[in-house]
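Chemist: Here is a sequence together with a model predicted from it:
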Amino acid sequence: MDISQTKICVLFGGQSNEHDISCQSASYIISVLQQSAVKALHLIGITKYGEFLYYEGPADLILDGTWAEHESNKKVFFRLGHRGQGFYISNSVEPDTQNGSRDNTELSWIEVDVFFPVLHGKMGEDGTVQGLFELINTPYVGCGVLASSIAMDKVASRKMFDTAGIPQANWTWLKKRKFNEDPESAITKIKEVLIYPIFVKPANAGSSVGITKAKSDQELLESLAIAFEHDDKAVLEQAIVGREIEVALLELNDSKHSLFISVPGEIIPDREFYDFESKYISDGSKLIVPAELESQQIEEITRYAKLAFRTVDGKGLCRADFFLEDTTGRILMNEINTMPGFTGISMYPKLMAESGYPSVKLVEALIASAF
């Protein structure tokens with residue numbers, strides 16, 4: 001496709017606790033699109049309170065968060081079911097309707113060929129924004145409503161992976177309501193399935209947010225309390241001792257919707273496990289690309305990555321994360337991420353660059369996949 005004839009709108013920010021990471025990722029995508037000389041590049045920033053703002057200020061203000069106060073910002077309005085692709089922006093300050101004055105806001109139409117939602121976590125990567133794009137009949141980069149919501153929900157995705165025959169660590173899950181009713185009984189039931197150490201995760205949260213490792217009943221109680229701060233469901237998994245391996249997937253814009261799988265990469269965390277700080281704040285973790293693996297292991301990882309993507313009805317892209325267990329050599333699925341990070345230290349763009357898709361070629365391929 002000729003990206004020079006394409007009008008693109010990048011969405012960034014969002015209401016999740018990954019707002020700042022989204023801004024980092026979007027800065028990467030925006031800089032690449034600026035190199036690509038697209039016909040038009042529009043930006044919509046979503047504040048932490050969920051307000052959609054049309055942003056025309058300097059791109060570097062997105063990184064430090066000051067974009068939200070920029071004088072160029074205009075409110076964004078969507079017309080659901082509208083046949084034209086795009087959105088409206090306000091050209092004047094809205095009147096004070098509390099005093100009964102008439103709303104005479106002037107609107108301008110912004111035409112868009114494709115949206116690129118560079119959003120992580122809840123209210124962005126979980127199918128909600130994808131549903132908005134469906135309602136306004138505009139193509140968008142990435143997975144659809146179903147795949148996005150399933151991949152975000154670690155209970156739903158693990159159930160589907162089990163059904164598809166994709167091996168995973170032993171796991172169970174717990175509702176916050178059940179835990180609050182009888183914490184001791186909940187702990188007992190968990191220990192009937194799992195042995196310590198146990199990873200405890202919010203069911204709906206990305207980038208290792210709220211994840212802890214419990215080694216005793218007391219730590220398990222504390223870990224569940226932390227997980228329930230982020231979601232009303234918690235996933236509990238048997239801790240695996242092994243290597244952390246990831247691959248990047250790209251759906252090609254051909255008649256077969258072929259899947260391109262990158263070379264595998266390995267993460268060596270700078271702490272006990274690869275948590276939020278290790279991913280985005282600390283620079284001590286090592287990313288080894290490509291990972292040193294046997295050909296049979298690569299084939300197995302590739303097969304399971306494709307199966308996981310197809311199982312959730314994925315579209316466009318994802319990053320698939322695995323464990324290679326030390327004692328058994330088993331390949332175990334961890335999760336898939338439907339909008340992986342695009343920061344300077346993110347694995348997805350590094351894996352794709354190593355596999356023949358440098359930044360400009362990768363972003364253009366992602367735009368093409370949306371159509």
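Modeler: That came in fine, so what should we check first? Residues are numbered from 1 along each chain as shown.
Chemist: For stretch 232-248, measure first residue to last.
Modeler: 30 Å (Cα to Cα, to the nearest Å).
Chemist: swap in stretch 221-237?
Modeler: First-to-last distance for stretch 221-237 - Cα to Cα - comes to 15 Å.
Chemist: And the contacts of that stretch?
Modeler: By Cβ atoms under 8 Å, 6 or more residues apart in numbering, the residues outside stretch 221-237 that reach it are 17, 153-155, 158, 168-177, 179, 183, 186-187, 190, 193-194, 198-205, 209-214. Quick note: C-beta positions are derived from backbone N, CA and C, even for glycine.
Chemist: Also stretch 350-369?
Modeler: 1, 3, 6, 8, 28-29, 32-33, 35-36, 114, 116, 141-142, 246-248, 250-253, 260, 262-265, 287, 289-290, 315-317, 319, 349.
Chemist: So which of the residues you listed are in helices?
Modeler: Y28, I29, V32, L33, Q35, S36, P349 (DSSP state H).
Chemist: Quick one, which of those residues are buried?
Modeler: With neighbours counted by 16 or more other Cβ atoms under 10 Å, the ones in helices among the contacts of stretch 350-369 contain buried members at Y28, I29, V32, L33, S36, P349.
Chemist: any idea how far the third one lies from I301?
Modeler: Relative to I301, V32 is positioned 27 Å away (criterion: Cβ to Cβ, to the nearest Å).
Chemist: The fourth one now?
Modeler: In this structure, L33 lies at 31 Å from I301, with Cβ to Cβ as the measure.
Chemist: Which parts of the stretch 1-150 of the chain are helices?
Modeler: All helices of the stretch 1-150 of the chain, identified by DSSP state H, counting those that start in this stretch, fall at 19-36, 60-64, 128-135, 145-152.
Chemist: Mean pLDDT for the ones you listed - can I get that in JSON lines?
Modeler: Converted to JSON lines, the helices of the stretch 1-150 of the chain look like this (pLDDT from 0 to 100):
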{"stretch": "helix 19-36", "mean pLDDT": "94"}
{"stretch": "helix 60-64", "mean pLDDT": "93"}
{"stretch": "helix 128-135", "mean pLDDT": "95"}
{"stretch": "helix 145-152", "mean pLDDT": "97"}
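Chemist: Need those in TSV (columns: distance to E51).
Modeler: As requested, these are exported to TSV (distance: least, Cβ to Cβ, whole Å):
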stretch	distance to E51
helix 19-36	12
helix 60-64	15
helix 128-135	14
helix 145-152	22
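Chemist: which residues in the stretch 251-371 of the chain form helices?
Modeler: Under DSSP H, counting those that start in this stretch, the stretch 251-371 of the chain gives helices at 276-280, 295-311, 347-354, 359-369.
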